[in-house]
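Undergrad: Model the following, please.
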Amino acid sequence: MKITLCYPALVPGHKAKYGLQPLGVLYIAAVLKRDGFEVEIIDADIDGLSVQEAAQRVLDTKPDLVGFSMMTPQLLTALAVSSLVKQIRPDLPIVLGGAHVDSTKGDVFDMADCFDLAVHGEGEGTLLDVCQTMRSHGTHDLEQYWADIPGLIYRNRQGSVMVNHARTFTRDLDEFPSVDYDLIDITKYSIPTMAGRYVLSMMLSRGCPFKCTFCDAPITMGKKLRFWSIDRVIEDIRTYKKKYGVTNFVFKDSTFTANKKWAFKFCQALLDADLNIKWRCNTRANLVPPELLNLMAQAGCYVINFGVESGHPEILKRIKKEVDLDQVVDAFERCRKLGIRTYATFLMGNPGETNETARATIDFAKKVRPSLCMFFVSTAYPGTPMYLDALVDGTVQERWWAKQEFNQSKNSAFQVRWGWTDAGALRIPGFDSELWQRKATREWYFRPRFIWDTFSFTVRNPYFLRHLWNLGTEVIPFYKLRNLLPKRALKPDERLQILEKCPSALNWDYQPRPDLPRTEVGTDVH
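TA: Below you'll find the model as predicted:
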C-alpha cells in the first residue's frame, strides 16, 4: 500500500528562497515505513508548486491514500489541491492533519467535502491505525472501524461530524524511528541565519509549558515537555552528518532551554562526541543563564532565535510572555560577547497595542541590537487564548481562516509567507498593524548601526552576501512598482477560483464516494 504525504504551499506558485524540512510529515513517514508501507513525500512549499501542479504531482505518485499536513495559512491550498485530486480519483482516500486541525477539530468539515478523514493530536499513531485498517480491510465499508481510532475525525451517516477522543501523547519519543531524509532533497533547504549551502532541521523535544496567548504549541504538542534521549539525538546527528555531509543543524523545539538541565547535558554530550557542528535553536531570554549560554557557545551554538514579542512591559503582560525586558537586554549582550548570532522576533498588533507601545517596541529592538530582526503582524490563530478572547471582545473576524486571500495588489508573496499581512489580525481601533509592521521593518533595517554591523559581519563571512541579495529582493516591495504598470493583469488567487468565493460552498464537479467511511459513534461537534 502506497501513501503520499503532501506539505502544501503557503503561497501556491511562489518558490521561496528559504525553508526547513517539513518534519511533521517526515516523522509520520518514518512510522509508516517501519510498518512496511511505501511512502512518498511532496513538499509543494519548497518546490513552489501551484495548486494544479501539486494535484498533478500527487496523482503521478499513484497513491492508495493521500495525507495533507497543514498550518492555518495552508488550509485553502490543501482543500484546493484535494478537490482537484478528487475530481480525477473520487475513490482515493484523503486525510487532513496538522496544526490547523489540532486547533479547530471538525471545523474543516464545514468548509468542504473533498476529503474523507481528519486527524487531530499527535498524528503518527492515528494515521498508522487508519492505514493498517485499510491494508487489512480494503478501502470500502470501513465505517465500523473509525470510532475505535483515537484522534480521528469523520462524518457519520447522519451527516454529523464526529471527533474521537484525543490520542495520548507519546511519552518516550525514542519509540519513534529516526527520520529518513532520503524521502526529500535536503539540499533545497537553507535559512539566511546559517552558513553552508543547506541545513538539516531536527526536533529534540515536544511540548510547551508556557502560557503565551498567541501561540498554539501547547495545543498541538501538549503542555508537558517530552524529550528524545540524549544518546539517541547524538547518534542521529552523527548519522546525518556522515550520510549527508551536513554540519549545520536547526533544532526546531519551541524552547530549547525550557529544561535547562536537559540542555546542559545535551551540550556537554555534543562536546564529548566531538561532532563539530554548528546549530541554531529557539528559546526565551530568561532561560539562558551565563553558565548554560557559555556551554552552548562551546558546543557549536551559532544562532539563537529569541521570541521577544514586544518592547513594552504592559503588552508582554497582556500576552502572558513572562520575560523581563532587562533580561532580554542582558541575554543579547552576552550573546554578542560570545559570538552567538541573534535573531529577534516581534509582534505588532497585540491586545492593548497603541501607537505608543508600537513605538516602544521599535526603539527596544534597536536597543538590543540583534543580528537579524523580524516584525510580524500579531495573528489570532484558531484555538489560542488570543483568538478566544478576541471573539469575546469582537476584535477578530470569526473563522477568518475560511476567507484567506492572496491579494497581489496589496501584498507580496514574501509578506504573506512571513505573516506580514492582516489576515487574522486583531481589529484595534486607531491602530494599523500592517502599517506599523512596515514602519518597524524599514526603520530597523535602514539604520546606520545595522548596516555597519552587517557590513562588518559580511566582510568576515562572505557567505552572507548571497543571503543579503536574496533577502533584499524579497523584502523590497517591487510588487508595488509592478502595480504601477498600465493595464497590468493580476492573477486571481487560484485557490479561490477552485473553491469559489465562499469556501464553505460545495461546488466542485465530482460525485462524493457512496461508501465514504462513516459511523454513528464519537463526539458530535455540532
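
Undergrad: okay, CA-based contacts and neighbour counts for the rest of this
TA: Will do.

Undergrad: Next one: the residue nearest the centre of the chain relative to Asp236, how far apart?
TA: Geometric centre of the chain, nearest residue: Met71, 6.0 Å, by Cα atoms, centre = their mean. Counting by Cα to Cα, to the nearest Å, the gap from Met71 to Asp236 is 27 Å.

Undergrad: what's the residue nearest to the centre of the chain in contact with, if anything?
TA: 98-100 (Cα atoms under 8 Å, 6 or more residues apart in numbering).

Undergrad: how does it look with 6 Å?
TA: 99-100 (Cα atoms under 6 Å, 6 or more residues apart in numbering).

Undergrad: Can you tell me how far it is from Asn305?
TA: Where Asn305 is concerned, Met71 sits at a distance of 21 Å (Cα to Cα).

Undergrad: any idea of the mean pLDDT in stretch 206-217?
TA: Across stretch 206-217, the average pLDDT comes to 94.

Undergrad: can you give me the end-to-end distance of that stretch?
TA: 9 Å.

Undergrad: Please apply the same query to stretch 342-355.
TA: First-to-last residue span, stretch 342-355, Cα to Cα: 26 Å.

Undergrad: Go through that stretch and flag the buried ones.
TA: Buried residues in stretch 342-355, counting neighbours by 16 or more other Cα atoms under 10 Å, are found at 342-351, 353-354.

Undergrad: Dump stretch 264-273 to CSV, restricted to CA.
TA: The C-alpha trace of stretch 264-273 is given here as CSV (Å, rounded to 0.1, in the frame of the first residue of the first chain):
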residue,chain,number,x,y,z
PHE,A,264,23.2,21.5,29.8
LYS,A,265,23.6,17.7,29.5
PHE,A,266,22.9,17.8,25.7
CYS,A,267,25.6,20.4,25.1
GLN,A,268,28.1,18.5,27.2
ALA,A,269,27.3,15.4,25.2
LEU,A,270,27.8,17.3,21.9
LEU,A,271,31.3,18.3,23.2
ASP,A,272,32.1,14.8,24.4
ALA,A,273,31.1,13.3,21.0
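
Undergrad: For that stretch, buried residues please.
TA: 264, 266-271.

Undergrad: Check stretch 292-311 too.
TA: So for stretch 292-311, counting by 16+ other Cα under 10 Å, buried means 292-311.

Undergrad: Please narrow those residues to those residing in strands.
TA: The strands, defined by DSSP state E, take in 301-309 from these.

Undergrad: what's the domain layout of the protein?
TA: 2-163, 190-479 (automatic domain parsing).

Undergrad: With Phe176 as the reference, name the closest of those domains.
TA: Nearest of the domains of the chain to Phe176, taken as Cα to Cα: domain 2-163 at 6.7 Å.

Undergrad: tell me how far the ends of that closest one are from each other?
TA: Using Cα to Cα, the two ends of domain 2-163 sit 26 Å apart.

Undergrad: now stretch 271-288
TA: 18 Å.

Undergrad: So which bits of it are buried?
TA: Quick answer for stretch 271-288 (16+ other Cα under 10 Å): 271, 275, 277-288.

Undergrad: quick check, nearest of those residues to Asn259?
TA: Using Cα to Cα, these come closest to Asn259 at Leu287, 8.7 Å.

Undergrad: thinking again about what came up before, just the buried residues of stretch 264-273 now: which is nearest Arg197?
TA: Leu270 (22.6 Å).

Undergrad: Phe249 versus the closest one, what's the distance?
TA: Distance from Leu270 to Phe249, by Cα to Cα: 13 Å.

Undergrad: And the pLDDT at Trp420?
TA: Reported pLDDT for Trp420: 59.

Undergrad: Strands of the stretch 251-400 of the chain, start to end?
TA: 278-283, 301-309, 341-348, 372-377 (DSSP state E, counting those that start in this stretch).

Undergrad: do you know which of the ones you listed lies nearest Ile319?
TA: strand 301-309 (9.0 Å).

Undergrad: Give me the distance from that closest one to the chain's centre.
TA: When distances are taken as Cα atoms, centre = their mean, to the nearest Å, strand 301-309 is centred 17 Å away from the chain's centroid.

Undergrad: what's it packed up against?
TA: Applying 3 or more Cα pairs under 6 Å, 6 or more residues apart in numbering; DSSP states H and E, one finds that strand 301-309 contacts strand 278-283, strand 341-348.

Undergrad: ok, Trp400 - contacts?
TA: Gly424.

Undergrad: I'd like the numbering to begin with 55 instead of 1 from here.
TA: All set: I'll call the first residue 55, so the last point we hit is now Trp454.

Undergrad: so where is the stretch 405-554 of the chain shaky, pLDDT-wise?
TA: 460-468, 471-474, 527-554 (pLDDT under 70).

Undergrad: run the last query once more with 80
TA: Counting by pLDDT under 80, the stretch 405-554 of the chain shows low-confidence ranges at 458-477, 520-554.

Undergrad: Make a markdown table out of the buried residues of stretch 318-327 and add distance to Val65.
TA: Converted to a markdown table, the buried residues of stretch 318-327 look like this (distance: Cα to Cα, whole Å):
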| residue | distance to Val65 |
| --- | --- |
| Phe318 | 39 |
| Phe320 | 37 |
| Cys321 | 37 |
| Gln322 | 41 |
| Ala323 | 40 |
| Leu324 | 37 |
| Leu325 | 40 |
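
Undergrad: can you tell me the helix or strand for the residue lying closest to Lys375 once chain neighbours are set aside?
TA: Closest residue in space to Lys375, ignoring its immediate chain neighbours: Cys266 at 5.4 Å, by Cα to Cα, 6 or more residues apart in numbering. Per DSSP states H and E: Cys266 is located in neither a helix nor a strand.

Undergrad: what secondary structure does Glu107 sit in?
TA: helix (DSSP: H, G, I helix; E, B strand; the rest coil).

Undergrad: if I look at it, how far off is Ile96?
TA: 11 Å.

Undergrad: Looking at these two, which has the bigger crowd around it?
TA: Ile96 (22 against 15; other Cα atoms under 10 Å).

Undergrad: Touching, that one and Ala63? I think so.
TA: No. Look at Ile96 against Ala63 with Cα atoms under 6 Å: they stay out of range, at 10.2 Å.

Undergrad: Quick check: neighbours shared by those two?
TA: In contact with both Ile96 and Ala63: no residue, using Cα under 6 Å, 6+ apart.

Undergrad: residue boundaries of the helices in the stretch 305-454 of the chain?
TA: 314-327, 344-352, 367-372, 379-392, 409-422, 439-447 (DSSP state H, counting those that start in this stretch).

Undergrad: about what we covered before: just the domains of the chain: most buried one?
TA: domain 56-217 (a mean of 21; mean count of other Cα atoms under 10 Å).

Undergrad: pLDDT on that one, on average?
TA: 94.

Undergrad: still on that earlier bit, the residue nearest to Lys375 against Arg372, yeah?
TA: No. Look at Cys266 against Arg372 with Cα under 6 Å: they stay out of range, at 9.2 Å.

Undergrad: returning to what we had before: what's the closest of the buried residues of stretch 396-409 to Ser510?
TA: Thr396 (15.3 Å).

Undergrad: got the contact list for that closest one?
TA: 357-359, 424-425.

Undergrad: go again using 8 Å as the cut-off
TA: 357-360, 386, 389, 424-426.

Undergrad: and the two most separated of those?
TA: Most distant of these, by Cα to Cα, are Cys389 and Leu426, 13.2 Å apart.

Undergrad: before we move on, what SS does Ile100 have?
TA: coil.

Undergrad: I am finished for the moment; much appreciated.
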